[in-house]
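Participant: Here is a sequence together with a model predicted from it:
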Amino acid sequence: MVGKPQKRTIETKQNILTAAENLFDKNGFEATSMEQVASKAGVVKGTIFSHFGDKTSLLIAIKLKFLVNLLETQKSWLEDANASNLSETLMQLYRPWLQIFRENPDFAQLFLVQSTLKSGVWTDEFVKLCGGFEQIIHDTLQTYNHEKLNASPTDTELSTQAMQAFYFHVLALYKGGYIKSPQAQETLLNQLITKWWAN
């Protein structure tokens, strides 16, 4: 049974997350101040800092639950997936990640600069989840290499890094406005993947 102080803490954190998400969606991440979040959540600004550290961590905390669920869903899907068409299998994995970063450009920025994020509970969990997705790509390629190509572990490592480089590339192009539509972004990634595996 959850005690009253712990219950209040959970409710406070959820109120802060809900207030922040609404403000970020309405005004944008950069245009939203911690004072605005505190006012909407009905708490003092110091309470936000004590629970989340800073505004960047607050944005990450909003998205983490979705990413955790997505990662678990993809792991389960891969257990039953037919990986005979490698390009399509990889695109099935990349599409939802592309979508969340298209729909959340501020969050996409954090992903693209994750190596510069300050260490903390929320940022460390975010980086760990990003690593978990890369591991899914690695495991998919490893299975394919073993079953189809009898390739070495080095080939798998190189292929994984190539896939992730393509992924970062199309994320950055879309965020920068050089790619104008979701379809064009996904088409480019698919072409890059297909070209890599054709060589």
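Facilitator: It's in. Remember, predicted model here, so these are calculated numbers, not experimental data.
Participant: helices or strands next to the longest helix along the chain in the packing?
Facilitator: Ranked by residue count and defined by DSSP state H, the top helix of the chain is helix 55-80. Helix 55-80 sits against helix 4-27, helix 45-52, helix 86-103, helix 105-112, helix 121-144, with contacts defined as 3 or more C-beta pairs under 8 Å, 6 or more residues apart in numbering; DSSP states H and E. (Each C-beta comes from the backbone N, C-alpha and C, glycine too.)
Participant: What's the mean pLDDT across the fourth one?
Facilitator: Across helix 105-112, the average pLDDT comes to 88.
Participant: about what we covered before: determine which of the helices and strands packed on helix 55-80 approaches V68 most closely.
Facilitator: Between V68 and these, the tightest spacing by C-beta to C-beta is seen for helix 121-144, at 6.7 Å.
Participant: between that closest one and helix 45-52, how many degrees?
Facilitator: Direction vectors for helix 121-144 and helix 45-52, defined by axes from the mean of the first three to the mean of the last three C-alpha atoms, to 10 degrees, enclose an angle of 30 degrees.
Participant: Could you list the low-confidence segments of the protein?
Facilitator: Scanning the chain with the threshold set as pLDDT under 70 gives 1-5, 82-83, 146-152, 199.
Participant: How is it partitioned into domains?
Facilitator: Taking automatic domain parsing as the criterion, the chain consists of the domains 1-52, 54-198.
Participant: May I see the buried residues of the longest helix of the chain?
Facilitator: For helix 55-80, burial by neighbour count (16 or more other C-beta atoms under 10 Å) applies to 55-63, 67, 70-71, 74, 78.
Participant: Including distance to Q142, could the residues you listed go into a markdown table?
Facilitator: As requested, the buried residues of helix 55-80 are arranged in a markdown table below (distance: C-beta to C-beta, whole Å):
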| residue | distance to Q142 |
| --- | --- |
| K55 | 38 |
| T56 | 33 |
| S57 | 33 |
| L58 | 36 |
| L59 | 33 |
| I60 | 29 |
| A61 | 32 |
| I62 | 33 |
| K63 | 28 |
| L67 | 23 |
| L70 | 21 |
| L71 | 18 |
| Q74 | 16 |
| L78 | 12 |
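Participant: Pretty sure E30 sits against D106.
Facilitator: Yes: with contact defined as C-beta atoms under 8 Å, E30 counts as touching D106 (7.2 Å).
Participant: Neighbour count: those two, which is higher?
Facilitator: Set side by side, E30 and D106 give different neighbour counts by other C-beta atoms under 10 Å, the larger being at D106 (16 against 10).
Participant: related to what we said a few turns ago, W196 is nearest to which of the helices and strands packed on helix 55-80?
Facilitator: Taking the helices and strands packed on helix 55-80 one by one with C-beta to C-beta, helix 86-103 is closest: 9.3 Å.
Participant: Which other helices and strands does the host helix or strand of T187 contact?
Facilitator: When elements are assigned from DSSP states H and E, T187 belongs to helix 182-198. In terms of contacts (3+ C-beta pairs under 8 Å, 6+ apart), helix 182-198 is packed against helix 86-103, helix 153-175.
Participant: Pull out the buried residues from the shortest one.
Facilitator: When neighbours are counted by 16+ other C-beta under 10 Å, the buried residues of helix 86-103 are found to be 86-87, 89-94, 97-98, 101-102.
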